[in-house]
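> Build me a structure from this.
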Amino acid sequence: MWRTIVLLAALVCAAAPPAHATQPAEQPYRIDSGSRFLTAVMIDGKGPFSFVIDTASSRTLIYEHVRAALGLAQSQPGSLTVYGINSTANALPVKPGVLTVAGQQVSGLTLGVLPYSGREPAGVDGILGIDVLARYFVVLDRSAMRLILLPPDSEAAGSYRDWPDTPLTPRRLKNIPINFWYLPAQFGRTRLTTLFDLGAGMTMMNWFAAERLGVHERDFKLPADVAAAVRDVLGTDEPVVKVSGLDIALDRRHWDNQTVLVADSDVFTHFNLDESPAAIVGASLFRDHSLAIDFANHRLHIGPQVKWEASRS
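Numbers count the residues shown, from 1 in each chain. The predicted structure is shown next:
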């Protein structure tokens, strides 16, 4: 299973060349019960399929049931290596003719197919990665619940650049030539290296970071007999706790009374964040706000707030 309780797997592969979009386009998106952002994607004119919008997945992916429905055959010898939070796997490469999202058509894209496991997220057909998203100036208009894809140099992007912004810093993994995106987020009074992951349903930090905030791992150590029982059931006896009432700030935007999961998950090792204080900020932090993601200029613009309770219907 490629998604843990709160996080979507970050998946890695080479990015495709830029798209040549000329006109602004938009379509609805929705927020599911896990705070993930989802939108419709057409593949070779068939669908719509429901895809998670994921800024920490560099490969766009589909699940096996979609591949079977489309009749897509393996497009190249061998397999694609898919990097997940807890492990790696081999994914079948397929190459449909055209992928369409928000009126934009992307051709020549090789997708990875996640094998059927029986534990796929309900209602999710695929993952829309940055091999598509980074081609555009991406707007998530919370007030209208619309996904808008603009060319990076579009004049229409100008109004969104007036929103409060924070830097997006691209970093590559040690052994994989792929950029992921990081934010200078502040948790309480502590600034942490923070991965920007809209595929994650919840914000998370490692124990190095929690110690800086005064939450000590030693206080949550389990007695040996209890730890053994937990290990048998869950496969780990490492403490996993929730910290509530935490303030989080991104430059001029501030969120109070936030809940953060603390755990030394393998995700931190995968992103080379296991030896120092670090965090992963998920979609739940942004679900009440509009966003404009300017990949080309390395900026995240955070727009007006729309209360979740007021707009759920």
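> And the strands in the stretch 1-150 of the chain?
All strands of the stretch 1-150 of the chain, identified by DSSP state E, counting those that start in this stretch, fall at 25-31, 37-43, 46-53, 61-63, 80-83, 88-94, 98-101, 104-107, 111-114, 126-128, 137-141, 146-150.
> out of those strands, which comes closest to F271?
Ranking the strands of the stretch 1-150 of the chain by proximity to F271 (CB to CB) places strand 80-83 first, at 9.8 Å. For every residue, glycine as well, the C-beta is placed using N, CA and C.
> average pLDDT for the closest one?
Mean per-residue pLDDT for strand 80-83: 70.
> same check, this time on stretch 108-118
The model assigns stretch 108-118 a mean pLDDT of 85.
> How about stretch 258-278?
Stretch 258-278 shows an average pLDDT of 83 in the prediction.
> Okay, now that stretch: how far is its last residue from its first?
17 Å (CA to CA, to the nearest Å).
> E64 contacts G112, correct?
No: counting by CB atoms under 8 Å, E64 stays clear of G112, with 11.0 Å between them.
> Looking at the two, which has the bigger crowd around it?
Per other CB atoms under 10 Å, whichever of E64 and G112 has more neighbours is G112, with 25 against 15.
> so what's the more buried one closest to, chain neighbours aside?
Leaving aside its chain neighbours, G112 sits nearest to A91 (3.5 Å; criterion: CB to CB, 6 or more residues apart in numbering).
> repeat for H65
In space, H65 is closest to Y116, 6.5 Å off (CB to CB, 6+ apart).
> ok, that neighbour - how many residues close by?
For Y116, the neighbour count with other CB under 10 Å is 12.
> returning to what we had before: lowest average confidence across the strands of the stretch 1-150 of the chain, which one?
strand 80-83 (a mean of 70).
> now the end-to-end length of stretch 189-207.
Stretch 189-207: ends 16 Å apart by CA to CA.
> Now do the same contact list for G47.
A40, V41 (CB atoms under 8 Å, 6 or more residues apart in numbering).
> cutoff 10 Å now
When contacts are counted by CB atoms under 10 Å, 6 or more residues apart in numbering, G47 is found next to A40, V41, V66, A69, L70, L99, T100, V101, D125, G126.
> likewise G303?
Contacts of G303 by CB under 10 Å, 6+ apart are 139-143, 159-160, 162-165, 253, 286, 289-292.
> which stretches of the stretch 151-300 of the chain aren't confidently modelled?
Within the stretch 151-300 of the chain, the stretches with pLDDT under 70 are 174-177, 221-239.
> how about a cut-off of 90?
153, 171-180, 199-202, 215-244, 251-252, 261-275 (pLDDT under 90).
> Can you list the residue ranges for strands in it?
165-167, 169-172, 179-187, 190-196, 204-205, 241-250, 253-262, 278-281, 289-294, 299-305.
> Now the residue lying closest to G201 once chain neighbours are set aside: phi and psi?
Residue nearest to G201 in three dimensions, not counting chain neighbours: G34, with 4.1 Å by CB to CB, 6+ apart. Here the main-chain torsion angles of G34 (degrees, to the nearest 10) amount to phi -90, psi 10.
> For G34, report the pLDDT, please.
86.
> What is the neighbour count of it?
Per other CB under 10 Å, the neighbour tally for G34 reads 20.
> among the contacts of G47, which ones are buried?
Buried by 16 or more other CB atoms under 10 Å: A40, V41, V66, L70, L99, T100, V101, D125, G126, out of those.
> neighbours of the nearest residue to the fifth one once chain neighbours are set aside, just the number please.
Nearest residue to L99, sequence neighbours excluded (CB to CB, 6+ apart): V106, at 4.8 Å. One way to gauge burial is a neighbour count; for V106, by other CB under 10 Å, it gives 18.
> nearest to F49, of the strands of the stretch 151-300 of the chain?
strand 289-294 (21.9 Å).
> Identify the residues contacting the residue nearest to F271 when sequence neighbours are not counted.
Sequence neighbours aside, L195 is the residue nearest to F271 in space, at 5.9 Å (criterion: CB to CB, 6+ apart). Counting by CB under 10 Å, 6+ apart, L195 touches 10, 55-56, 171, 180-183, 185, 204, 267-268, 271, 273, 278-282.
> Buried subset of those as a PyMOL selection?
Typed into PyMOL, the next command selects the buried ones out of the contacts of L195 (criterion: 16+ other CB under 10 Å):
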select buried, resi 10+55+56+180+181+182+183+185+204+267+268+271+273+278+279+280+281+282
